[in-house]
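Trainee: Sequence first, then the predicted structure, then my questions.
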Amino acid sequence: MNDHPLLGEHFERHRRQIEREFGVPVPGEILPADQWTTTALKKLPPPGPLNFSGLFGRKVPLMLDIGCGNARSTLASAVWRHDVDHFVLPVVIRYATRRANQRGLKNVRFAVIGGRELLVDYIAPQSVDEIHVYHPQPFYDAKLVHKRLITPEFIALVHRSLVPGGLFVLQTDNPGYWKYMQQVVPLFFDFTEHPGKWPDSPKGRTRREIIALRQGLPVFRGTGKPRSDISAADVLKLAESLPPPTFDADRKLKELDKLEHGADTSDKPRRDAKRR
């Protein structure tokens, strides 16, 4: 036991504050308030290529995370990859910014804008190293299918935005959406399906993935690199010739939405006796 008051004070300073969600630790630890940072980009500039070097104060590889939910996947990447900057479009920005701020992450910025609009208005061609899209909303109502993110036009924009050899990461738990991705994405990308769990996050990279796995539901994953054998003009022509995503999204999967967007299930941060 640490009976000596000075030893006890030293031990207390080195305890970690760990936050959990569904019992799974949220990446990173909550730092003392004087080490917090600000990660929300309050207002985007007028349309035009964003100056990410100016935004982050350095020039390193850049990852876009589009529609990342509460930012669990981004936190993991930012915590473990200090040499990568992350520009993120979270669905639940309140939780995303709070968690990133509390972890003192200087390699993350959050903005509120649609994924397609970001790529069209703010991303220069061949300027991004990675683009991640986890669990895009399938929109079950037939009247709303036009809002689906993964369309031939969007995939063409991803192809245009990535550097040669860049990485496109896709994940969904919706079989209809995945079947559409399987048909369309390989036309633009050298695409590899990943039937197993992500090695870096076997319990789930995202809140949605954690829920799906606990329900015993399949999660579909894949990564791709831009095909170099098609020109920019060919990419545009190809996108114009392909059908939009009008698949049946299966309303039974709406139960997952209720679980994902219901009451916040994060455990309160607690002190963890594990030393740094």
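Mentor: Now that the structure is in, tell me what you want to look at.

Trainee: Tell me where the stretch 51-200 of the chain has strands.
Mentor: Under the criterion DSSP state E, counting those that start in this stretch, the stretch 51-200 of the chain contains strands at 62-66, 85-89, 108-110, 128-134, 162-172, 189-193.

Trainee: Can I get those strands in a markdown table including mean neighbour count and distance to Leu242?
Mentor: Placement of C-beta: from N, CA and C, glycine included. Putting these into a markdown table (neighbours: other Cβ atoms under 10 Å; distance: least, Cβ to Cβ, whole Å) gives the following:
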| stretch | mean neighbour count | distance to Leu242 |
| --- | --- | --- |
| strand 62-66 | 24 | 20 |
| strand 85-89 | 25 | 24 |
| strand 108-110 | 23 | 32 |
| strand 128-134 | 22 | 18 |
| strand 162-172 | 20 | 16 |
| strand 189-193 | 16 | 14 |
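
Trainee: Ok, which of these comes nearest Thr38?
Mentor: strand 108-110 (9.4 Å; Cβ to Cβ).

Trainee: what packs against that closest one?
Mentor: strand 85-89, helix 93-102 (3 or more Cβ pairs under 8 Å, 6 or more residues apart in numbering; DSSP states H and E).

Trainee: shaky segments in the stretch 1-150 of the chain?
Mentor: 1-16 (pLDDT under 70).

Trainee: can you map out the helices along the chain?
Mentor: 5-13, 52-56, 72-80, 93-102, 115-122, 152-161, 175-184, 207-214, 232-241, 254-261 (DSSP state H).

Trainee: what's the spacing between Arg94 and Ser228?
Mentor: For Arg94, the distance to Ser228 equals 41 Å [Cβ to Cβ, to the nearest Å].

Trainee: Also Glu153?
Mentor: From Glu153 to Ser228 the distance is 21 Å (Cβ to Cβ).

Trainee: Thr206 reaches Val133, doesn't it?
Mentor: No - the pair Thr206 and Val133 does not pass the contact test of Cβ atoms under 8 Å, sitting 10.9 Å apart.

Trainee: Return every residue with contacts to both of those two.
Mentor: Applying Cβ atoms under 8 Å, 6 or more residues apart in numbering, one finds that Thr206 and Val133 are jointly contacted by Gln171.

Trainee: For Ala239, which of the helices and strands packed on strand 108-110 is the nearest?
Mentor: Of the helices and strands packed on strand 108-110, the one closest to Ala239 (Cβ to Cβ) turns out to be strand 85-89, at 21.3 Å.

Trainee: And the closest one, how far out from the chain middle?
Mentor: 8 Å (Cα atoms, centre = their mean, to the nearest Å).

Trainee: Pull up the pairing partners for that strand, direction included.
Mentor: Here strand 85-89 is paired, per DSSP bridges, with strand 62-66 (parallel), strand 108-110 (parallel).

Trainee: Among the ones you listed, which comes closest to Val219?
Mentor: So among the strands paired with strand 85-89, strand 62-66 is nearest, using Cβ to Cβ, at 17.1 Å.

Trainee: Send me that closest one as CSV with only the CA atoms.
Mentor: The C-alpha trace of strand 62-66 is given here as CSV (Å, rounded to 0.1, in the frame of the first residue of the first chain):
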residue,chain,number,x,y,z
LEU,A,62,-4.2,13.4,-44.1
MET,A,63,-7.1,11.2,-43.4
LEU,A,64,-10.8,12.1,-43.9
ASP,A,65,-13.4,10.3,-41.8
ILE,A,66,-16.8,11.0,-43.3
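
Trainee: So what angle separates the directions of that strand and helix 93-102?
Mentor: 150 degrees (axes from the mean of the first three to the mean of the last three Cα atoms, to 10 degrees).

Trainee: pretty sure His194 contacts Arg205?
Mentor: No - His194 is beyond contact range of Arg205, at 11.4 Å (criterion: Cβ under 8 Å).

Trainee: Give me the more crowded residue out of those two.
Mentor: Arg205 (25 against 15; other Cβ atoms under 10 Å).

Trainee: ok, the residue nearest to the more buried one when sequence neighbours are not counted - how many residues close by?
Mentor: In space, and not counting its chain neighbours, Arg205 is closest to Ser73: 4.3 Å by Cβ to Cβ, 6 or more residues apart in numbering. By other Cβ under 10 Å, the residues close to Ser73 number 28.
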